[in-house]
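only geometry, no sequence info:
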């Protein structure tokens with residue numbers, strides 16, 4: 001494969017070399033993605049070119065409206081558009097929760113033809129789920145290179161304090177104005193970088209899913225992601241000074257990671273155990289009434305946290321597993337349900353079990369996976385040994401003064417310990433942490449993170 005990224009005279013991204021014979025259904029990349037300088041005044045012409053209509057709801061918060069929303073609003077109004085502003089007022093950052101989603105929904109009228117989000121992760125996802133539920137197209141005007149969700153078709157949301165994933169829609173138009181992105185505070189830049197660095201783990205876990213469960217691994221998506229991550233690592237000094245080159249490389253890395261979601265309709269290439277742990281922290285902290293850290297920053301920290309286990313398993317020998325002992329220690333369905341309610345809260349545990357009904361394995365399926373891991377151990381080792389040194393990841397985040405440890409993020413010890421055990425249970429998606437657990441190795445590998453389960 002030879003994937004090329006270029007731009008036309010309108011700063012619209014053009015991707016070539018997207019042919020793939022992996023067997024997965026690949027969707028056409030038919031969205032308009034603009035990356036360049038001075039793009040905000042040109043939003044009306046982008047929308048007219050796409051033919052989305054003239055009546056819209058513009059979603060922003062106090063910060064993003066002042067930063068970019070007012071400019072977009074005024075440009076649209078001057079060009080004959082009718083704009084209903086939905087500026088979500090919060091004392092702190094907006095969360096993509098029931099309240100924010102409801103405010104957007106109630107701003108939509110029968111005349112509304114499309115939606116516009118002006119912001120980054122939370123505002124984009126809040127708009128995205130409303131676009132999906134109302135059948136309206138939407139435009140995403142980014143304000144920071146802090147996460148990879150602009151091109152996503154999945155909305156991570158907070159529903160009654162539980163972090164959930166809901167199928168949604170990709171924006172018809174994505175606008176990334178590098179002048180605006182360069183004004184983002186360095187913690188937001190570091191957050192975007194942390195989100196990208198987690199792709200190393202996500203791709204490794206996807207390949208393990210192929211080895212153990214016969215998942216279809218898409219080399220096109222793998223190449224898109226790895227090219228983006230490697231370019232970011234190689235240019236971290238440019239990102240640190242927020243040069244135009246550095247901000248463009250970070251922006252492209254975030255967008256291209258998201259393009260894989262657009263192409264194959266799921267997030268396998270971009271999120272795995274590192275995202276599970278980060279989302280668990282966010283969910284429980286919100287339940288405790290504590291403002292969570294930025295998502296991408298938590299992903300970067302979780303990536304560093306799990307990395308040593310991936311390195312260790314690259315030298316694992318599974319030939320001596322005591323199968324009968326593993327079988328004897330299996331949780332019953334009732335005991336696992338109790339565990340889920342303990343780990344995620346009563347409502348959260350029930351919600352996750354409903355969303356992932358196949359995640360309780362029969363003994364026959366667990367044994368099949370154990371045998372597959374034993375017979376394919378050389379292939380597993382090859383995947384894990386292809387990861388770069390952990391110090392490379394640490395150096396990148398350190399260059400940006402990003403968070404490196406759970407303590408930097410003020411994650412309480414009890415939450416940290418539990419997250420290392422229950423991160424694998426957040427969704428059915430296969431990860432090395434499931435391998436470790438299903439092979440009876442969790443007590444050894446996770447001994448540094450003790451927890452107590454009631455009863």
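Sure thing, it's come through. Bear in mind the structure is a predicted one, so any value in this text is a computation, not a measurement.

ranges for the helices of the stretch 101-250 of the chain?
In the stretch 101-250 of the chain, the helices defined using DSSP state H, counting those that start in this stretch lie at 121-134, 178-181, 186-197, 199-213, 219-234, 236-240, 244-264.

who wins for proximity to residue 379 among those helices?
Evaluated over the helices of the stretch 101-250 of the chain, closeness to residue 379 peaks at helix 199-213, with 5.2 Å, by Cβ to Cβ. Backbone N, C-alpha and C define where each C-beta goes, glycine included.

what's the residue nearest the centre of the chain in contact with, if anything?
Of all residues in the chain, the one closest to the mean position by Cα atoms, centre = their mean is residue 271, 5.3 Å from it. Residue 271 makes contacts with 198, 202, as judged by Cβ atoms under 8 Å, 6 or more residues apart in numbering.

repeat the analysis, applying 10 Å as the threshold.
148, 152, 154, 156, 165, 195, 198-199, 201-202, 205-206, 257, 261, 278-279, 299, 427, 429 (Cβ atoms under 10 Å, 6 or more residues apart in numbering).

repeat for residue 273
198, 201-202, 204-205, 302-303, 305-306, 309-310, 420, 423-424, 426-427, 429-434 are the contacts of residue 273 under Cβ under 10 Å, 6+ apart.

now swap in residue 108 and tell me
Applying Cβ under 10 Å, 6+ apart, we find residue 108 in contact with 56, 57, 84, 86, 115, 130, 131, 133, 134, 136.

which one of the residues you listed is nearest residue 3?
Among the contacts of residue 108, residue 131 lies closest to residue 3 (Cβ to Cβ), at 28.2 Å.

quick check: the closest one vs residue 277, distance?
Computed as Cβ to Cβ, to the nearest Å, the residue 131 to residue 277 distance reads 29 Å.

these two - which one has more neighbours?
residue 277 (28 against 25; other Cβ atoms under 10 Å).

in what helix or strand does the more buried one lie?
Using DSSP states H and E, residue 277 maps to helix 273-287.

where does this protein have low pLDDT?
1, 454-455 (pLDDT under 70).

the strands in it, which residues?
4-7, 13-16, 32-36, 55-61, 82-88, 114-119, 138-142, 154-159, 162-167, 173-177 (DSSP state E).

which outside residues touch stretch 43-50?
By Cβ under 10 Å, 6+ apart, stretch 43-50 touches 10-12, 31-32, 34, 39, 42, 52-54, 56, 68, 71-73, 75-81, 113-114, 116, 118, 137, 139, 141, 172-175, 177.

could you tell me how many residues sit around residue 135?
Neighbour tally, residue 135, other Cβ under 10 Å: 7.

pretty sure it sits against residue 169.
Yes - Residue 135 is within contact range of residue 169, at 9.0 Å (criterion: Cβ atoms under 10 Å).

what residues of stretch 395-404 count as buried?
Residues of stretch 395-404 classed as buried: 396, 397, 400, 402, 403, 404 (neighbour count, 16 or more other Cβ atoms under 10 Å).

scratch that, stretch 168-187 is what I was asking about
Buried residues in stretch 168-187 (16+ other Cβ under 10 Å): 168-178, 180-182, 184, 187.

residue 363 versus the residue lying farthest from the centre of the chain, what's the distance?
The C-alpha centroid of the chain is most remote from residue 324, which lies 37.8 Å away (Cα atoms, centre = their mean). Counting by Cβ to Cβ, the gap from residue 324 to residue 363 is 11 Å.

which ones are touching residue 209?
Here residue 209 is in contact with 215, 216, 217, 268, 272, 429, 430, 431, 432, 434 (criterion: Cβ under 10 Å, 6+ apart).

which two among the buried residues of stretch 395-404 are spaced furthest apart?
396 and 403 (12.4 Å).

what touches both of these two?
190, 194, 300.

right, and the last one touches residue 192 too?
Put plainly, it is residue 300. Yes - counting by Cβ under 10 Å, residue 300 sits close enough to residue 192 to count as a contact (9.5 Å).

identify the contacts common to these two.
294, 400, 402.

what's the closest of the buried residues of stretch 395-404 to residue 353?
So of these, ranked by how close each gets to residue 353 (Cβ to Cβ), first place is residue 403, at 31.2 Å.

surely that closest one meets residue 187?
Yes - Residue 403 lies in contact with residue 187 (Cβ under 10 Å); the separation is 8.4 Å.

from residue 447, how far off is the closest residue to residue 331 other than its chain neighbours?
Sequence neighbours aside, residue 339 is the residue nearest to residue 331 in space, at 6.4 Å (criterion: Cβ to Cβ, 6 or more residues apart in numbering). Going from residue 339 to residue 447 by Cβ to Cβ gives 18 Å.

same check on residue 48?
Per Cβ to Cβ, residue 48 is found 61 Å from residue 447.

likewise residue 200?
For residue 200, the distance to residue 447 - Cβ to Cβ - is 25 Å.

more neighbours: these two, which one.
Taking other Cβ under 10 Å, residue 200 and residue 447 do not tie; residue 200 has more neighbours (24 against 8).

domain map for this structure?
4-184, 273-445 (automatic domain parsing).

and of these, who's closest to residue 242?
That would be domain 4-184 among these, by Cβ to Cβ, at 5.1 Å.

chain center to that closest one, what's the gap?
16 Å (Cα atoms, centre = their mean, to the nearest Å).

can you give me the end-to-end span of that domain?
27 Å (Cα to Cα, to the nearest Å).

for stretch 21-35, same thing?
This stretch, stretch 21-35, spans 29 Å end to end (Cα to Cα).

and that stretch, what's buried?
Applying 16+ other Cβ under 10 Å to stretch 21-35 flags 24, 26, 31, 32, 33, 34, 35 as buried.

coming back round to it: the residue nearest to residue 331 and residue 330, how far apart?
From residue 339 to residue 330 the distance is 12 Å (Cβ to Cβ).

neighbour-wise, which of the two wins?
residue 339 (18 against 14).

my read is that the more buried one contacts residue 349, right?
Yes - in this structure, residue 339 is within contact of residue 349 by Cβ under 10 Å, at 8.1 Å.

which residues do the two both contact?
Contacts common to residue 339 and residue 349, judged by Cβ under 10 Å, 6+ apart, are 422, 425.

the nearest residue in space to residue 255 that is not next to it in sequence: neighbour count?
With sequence-adjacent residues excluded and distances taken as Cβ to Cβ, 6+ apart, residue 255 is closest to residue 151, at 5.6 Å. Other residues near residue 151 come to 24 when the count uses other Cβ under 10 Å.

same check, this time on residue 375
Residue 375: 11 surrounding residues under other Cβ under 10 Å.

any idea how far it lies from residue 67?
Residue 375 is 55 Å from residue 67, by Cβ to Cβ.
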